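>>> what's the 3D shape of this:
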Amino acid sequence: MAGKSDYLENKVLDHILGNTAYSAPATVYFGLYTSNPTDAGGGTEVSGVSYARVSKTNNTTNFPNAVSGVKSNGTSVDFPTAGSAWGSVQSVGVFDAPTGGNLLYWAPLASAIVVPNGGQLSFAIGQLIFIED
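Residues are numbered from 1 along each chain as shown. Purely as a prediction, here's the structure:
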């Protein structure tokens, strides 16, 4: 994924330098955007019939241990079947809550994906990549 949010960057810095504890969320939530956020947030999250962020327990089954600063999803991330057209999905985000909450990571898709009424968007194992450099 391309970006770590300003929120998460600040939490990691405070955790490592200053000993202000940050606890990783027990569950993370994947959301879709029709216009890209930035590290500061923003963007336009998908809205439409049946749309909901997809929850994943934050464990090593869903997110195997990192290798060489790279981590990816260990299970597929399957959004519900669209009950209306969701538009042109431009990017994906990882949040700490099912609605609202804090954006943690986000990334633009290699190419936009149009989700029509009755369509379903899914990310296969290893398709979502998180990199720390």
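
>>> Next, the buried residues of stretch 59-77.
62, 63, 71, 72, 73, 77 (16 or more other C-beta atoms under 10 Å). In this view, the C-beta of every residue, glycine as well, is placed from N, C-alpha and C.

>>> what's the spacing between the residue of the chain most remote from its centre and residue 6?
Here the centre of the chain is the reference, and by C-alpha atoms, centre = their mean the most remote residue is residue 18, at 27.3 Å. Residue 18 is 17 Å from residue 6, where distance means C-beta to C-beta, to the nearest Å.

>>> Could you do residue 112 as well?
25 Å.

>>> With residue 61 instead?
Applying C-beta to C-beta to residue 61 and residue 6 gives a distance of 29 Å.

>>> returning to what we had before: helix or strand: which one has the residue farthest from the centre of the chain?
Following DSSP states H and E, one finds residue 18 outside all helices and strands.

>>> Might you report the residue contacts of it?
Listed by C-beta atoms under 8 Å, 6 or more residues apart in numbering, residue 18 has no contact partners.

>>> Strands of the chain, residue ranges please.
With DSSP state E as the criterion, the chain has strands at 3-4, 27-35, 44-45, 54-57, 70-72, 77-78, 87-95, 103-115, 122-123, 129-131.

>>> next one: the third one to chain centre, how far?
For strand 44-45, the gap between its own C-alpha mean and the chain's C-alpha mean amounts to 12 Å (C-alpha atoms, centre = their mean, to the nearest Å).

>>> elements contacting it?
If contacts are counted by 3 or more C-beta pairs under 8 Å, 6 or more residues apart in numbering; DSSP states H and E, strand 44-45 sits against strand 27-35.

>>> Ok, the fourth one next?
Contacts of strand 54-57 with other secondary structure elements, assessed using 3+ C-beta pairs under 8 Å, 6+ apart, are made with strand 27-35, strand 77-78.
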